[in-house]
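Trainee: Please work out how this folds:
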Amino acid sequence: MEAKDELVMLLEDTKRWASTAGNIDTDKVYSDWPSQFALLEELDEHLRDAKKGTANFSKLSVLYAPTAGLCEVVASDASVTFCLHLAGRFDNWLATVRPT
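Mentor: Coordinates of the predicted model:
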């Protein structure tokens, strides 16, 4: 599987999870998004880029950081666990496309 396809799958899984009521609470102080809709729009933007074979590594790194982005707006312990799973998938993907 190509790196861009892996990123598309990760972003699609993230969007599906973020679309589910009860997983996201953008009313939290640390939220980068004014609403769940704004978060979904950002994910759509990342998806469009990924499908073209491009990626904003710095924005994606913040989005999937375990102490920022998505993990700051989770609404439950189960959501935190899944968010950390997504963060791990992103880290693994990033390591394949930008090895240290």
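
Trainee: what's in contact with the helix ranked longest in the chain?
Mentor: Secondary structure of the chain per DSSP state H: the longest helix is helix 77-97. With contacts defined as C-beta atoms under 8 Å, 6 or more residues apart in numbering, helix 77-97 is touched by 3, 6-7, 10, 13-14, 17, 22-24, 55, 57, 60-61, 63-66, 70-71, 74. For glycine as for every other residue, the C-beta is placed from the backbone atoms N, C-alpha and C.

Trainee: For the residue lying closest to N23 once chain neighbours are set aside, give its distance to H85.
Mentor: The spatial neighbour of N23 that comes closest, neighbours along the chain excluded (C-beta to C-beta, 6 or more residues apart in numbering), is S79 at 4.7 Å. Counting by C-beta to C-beta, to the nearest Å, the gap from S79 to H85 is 10 Å.

Trainee: Give me the more crowded residue out of the two.
Mentor: More neighbours surround S79 than the other of S79 and H85, with 20 against 12 (other C-beta atoms under 10 Å).

Trainee: okay, that one: pLDDT?
Mentor: S79 carries a pLDDT value of 86.

Trainee: Likewise for V74?
Mentor: Per-residue confidence (pLDDT) for V74: 88.

Trainee: Next: T100.
Mentor: At T100, the pLDDT value in this model is 53.

Trainee: Surely L40 is in contact with S19?
Mentor: Yes. At 6.3 Å, L40 counts as touching S19 under the criterion of C-beta atoms under 8 Å.

Trainee: quick one: K15 is in a helix?
Mentor: Yes. Under DSSP: H, G, I helix; E, B strand; the rest coil, K15 sits within a helix.
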